[in-house]
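Engineer: sequence isn't available, so here's the structure alone:
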Ligand code: URP
Ligand code: ZN
Ligand code: ZN
């Protein structure tokens, strides 16, 4: 009788801190042993020449989600999770998005109805809070946090989503009380509107003006303000999809002061620039996302932020709107930049792009890659040590990575429900060959191996304030007023 269900043999295991030669034994969906000569197994996976990495965690993606202008994303929980799996992910954390007037409980129930029968990988939900009413803050949100929905995103821009600073303080202080994480889309709405009005009245309507209207100052001002509001509320805060170097600097400064401020960035800020929005005809619409891609110098600043302690999380912000009337051109075939659906796809290309151009080109160590794509998200969002690492007792969520596999990205090889990829034609070295989730083989031989709905919902614990990454100072010791006010 073999000792284990599965052994992954002959590979190089990498975690966020170590790289070592070991076989990985799996039993009951978990990692049962690491080492050499572990004994027999019912199934042996040969990983000679391969890297054995924790499955990726995409902690920012929009799946089967209606935008505030009522456009449904092209990916549902089936196509979105399949695409994620082929890109080396074993967990994703899409949003359960509240639109104004909606009960948060209803929003969460809808998200479960959508995900449960379809997702092929494990999932949790961040909430989006756009309507922090007395009932939401007093009843629904505390109850949901205690049930494990321990992170939520708020917006400082988008007319139908944004909350004001007063509401932000309410949300932050509640998050502090319950140990939850607030994520913020930091762009100054008035700055964007002021610039947009001036551009539109002068006839500057093409997609490239999206990037002009979303000036980096809109992002850096809002980021600094969000950090200050978090300081006032003595709360932790994660600034999502950072693109502007000044915003990145604000995060690093805050972290250097010992504040529990975290940063996330995304592939579009490493591999695209504002010039992509100026492609022929309406092609630039494919690259309209918020904040927008910046310039070459901005890309370098974001690369630097991945290694100097600015960014802990590298997510896709997969926001799939097709290049047709269901998506980008929902408001007509020739819209002004204001009416183009915001967002770019990238759930399947996130990890290969970072591996190839980061690890492959010597900008990141393999351990930094693992931390940025899996471990840190697991720690920050209350999934660690079950997820995000390779350790005895952790879920057997593993991407067996071929560091020499060269492929040119084309939309036809991807598994999402999109009709374009912003990365068409890029030559990438290093892709996952085999992906296991809780010990089940999800992807093998370039083929999906599991049924719809085989992923599980993950109940999360609120993380303890200040201890997530092990390198954070305690919460702001200089708070000026008592806990009774918070
Ligand atoms: O342009 C973007 N990023 N669209 C997705 C929604 C968001 O704000 O993350
Ligand atoms: Zn956002
Ligand atoms: Zn997003």
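Structural biologist: Structure's in. What do you need? Everything quoted here is computed from the prediction, not taken from an experiment. Numbering: from 1, shown residues only. Ligands and ions are numbered 1, 2, ... in the order given.

Engineer: low pLDDT regions in the chain?
Structural biologist: 462-486 (pLDDT under 70).

Engineer: neighbours of the residue nearest to residue 289 when sequence neighbours are not counted, how many?
Structural biologist: In space, residue 289 comes closest to residue 344 once its chain neighbours are excluded; the distance is 4.7 Å by Cβ to Cβ, 6 or more residues apart in numbering. Quick note: C-beta positions are derived from backbone N, CA and C, even for glycine. The number of residues packed near residue 344 is 26, by other Cβ atoms under 10 Å.

Engineer: next one: the spatially most central residue of the chain relative to residue 52, how far apart?
Structural biologist: With distances taken as Cα atoms, centre = their mean, residue 60 lies nearest the centre of the chain, 2.6 Å away. Per Cβ to Cβ, to the nearest Å, residue 60 is found 25 Å from residue 52.

Engineer: now swap in residue 338 and tell me
Structural biologist: 47 Å.

Engineer: now do residue 23
Structural biologist: Remark: distance between residue 23 and residue 52 (Cβ to Cβ) = 9 Å.

Engineer: mind listing the shared neighbours of those two?
Structural biologist: 8, 11 (Cβ atoms under 8 Å, 6 or more residues apart in numbering).

Engineer: what about the two, which has more around it?
Structural biologist: residue 52 (27 against 23).

Engineer: which one is that one nearest to, not counting chain neighbours?
Structural biologist: Closest residue to residue 52 apart from its sequence neighbours, by Cβ to Cβ, 6+ apart: residue 11 at 4.0 Å.

Engineer: residue 19 now?
Structural biologist: In space, and not counting its chain neighbours, residue 19 is closest to residue 366: 5.9 Å by Cβ to Cβ, 6+ apart.

Engineer: residue 277 too?
Structural biologist: residue 284 (4.0 Å).

Engineer: the one you found against residue 276, yeah?
Structural biologist: Yes - if you go by Cβ atoms under 8 Å, residue 284 and residue 276 touch, sitting 6.8 Å apart.

Engineer: residues in contact with stretch 257-265?
Structural biologist: 59-60, 181, 183, 227, 230-231, 235-243, 248, 251-252, 254-255, 302, 305-306, 310-315, 380, 465-466, 472-476.

Engineer: just the buried subset of those residues, please.
Structural biologist: Buried members of the contacts of stretch 257-265, counted by 16 or more other Cβ atoms under 10 Å: 59-60, 181, 183, 227, 230-231, 235-243, 248, 251-252, 254-255, 302, 305-306, 310-315, 380, 465, 472, 476.

Engineer: in strands, which of the residues you listed fall?
Structural biologist: Counting by DSSP state E, the part of the buried ones among the contacts of stretch 257-265 found in strands is 59-60, 181, 183, 237-239, 313-314.

Engineer: and ligand 1, which of those reach it?
Structural biologist: Among those, no residue is within reach of ligand 1 (Cβ under 6 Å from any ligand atom).

Engineer: between the residues you listed, which is closest to ligand 1?
Structural biologist: Sorting these by distance to ligand 1 puts residue 60 at the head of the list, at 7.0 Å, by Cβ to the nearest ligand atom.

Engineer: just to revisit the earlier point, OK, contacts around the residue nearest to residue 19?
Structural biologist: Residue 366 sits next to 14, 19, 51, 359 when contact means Cβ under 8 Å, 6+ apart.

Engineer: please repeat the previous calculation with a cut-off of 6 Å.
Structural biologist: Residues in contact with residue 366 (Cβ atoms under 6 Å, 6 or more residues apart in numbering) are 14, 19, 359.

Engineer: distance of the first one from ligand 1?
Structural biologist: Going back to what we said before, that points to residue 14. Distance of residue 14 to ligand 1, computed by Cβ to the nearest ligand atom, to the nearest Å: 29 Å.

Engineer: now residue 218
Structural biologist: Applying Cβ to the nearest ligand atom to residue 218 and ligand 1 gives a distance of 13 Å.

Engineer: what parts of the stretch 51-200 of the chain come near ligand 1?
Structural biologist: Selection of the stretch 51-200 of the chain residues close to ligand 1 by Cβ under 6 Å from any ligand atom yields 62, 185.

Engineer: mind telling me which residue of the stretch 51-200 of the chain is nearest ligand 1?
Structural biologist: For the stretch 51-200 of the chain, Cβ to the nearest ligand atom, closest residue to ligand 1: residue 185, 4.8 Å.

Engineer: about what we covered before: and which of the contacts of residue 366 is nearest residue 291?
Structural biologist: Nearest to residue 291 out of the contacts of residue 366 is residue 359 (Cβ to Cβ; 25.7 Å).

Engineer: ramachandran angles for that closest one?
Structural biologist: Residue 359 adopts backbone torsions of phi -70, psi -50, taken as degrees, to the nearest 10.

Engineer: and residue 121, by the same measure?
Structural biologist: According to degrees, to the nearest 10, residue 121 has phi -130, psi 170.

Engineer: test my guess that it contacts residue 90.
Structural biologist: Yes - taking Cβ atoms under 6 Å as the definition, residue 121 is a contact partner of residue 90 at 5.3 Å.

Engineer: what touches both of those two?
Structural biologist: Listed contacts common to residue 121 and residue 90 are residue 437; contacts here mean Cβ under 6 Å, 6+ apart.

Engineer: who has more neighbours, the two?
Structural biologist: Neighbours were counted for residue 121 and for residue 90 using other Cβ under 10 Å; residue 90 has more, 31 against 28.

Engineer: nearest residue to that one other than its sequence neighbours?
Structural biologist: The nearest residue in space to residue 90 (Cβ to Cβ, 6+ apart) is residue 55, at 2.7 Å.

Engineer: now the helices for the stretch 51-200 of the chain?
Structural biologist: Ranges of helices within the stretch 51-200 of the chain are 77-86, 104-115, 134-135, 141-146, 165-178, 189-201, based on DSSP state H, counting those that start in this stretch.

Engineer: dump the ones you listed to CSV, plus mean neighbour count and distance to residue 411.
Structural biologist: CSV is the format used below for the helices of the stretch 51-200 of the chain (neighbours: other Cβ atoms under 10 Å; distance: least, Cβ to Cβ, whole Å):
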stretch, mean neighbour count, distance to residue 411
helix 77-86, 28, 11
helix 104-115, 17, 24
helix 134-135, 10, 44
helix 141-146, 18, 37
helix 165-178, 19, 38
helix 189-201, 15, 30
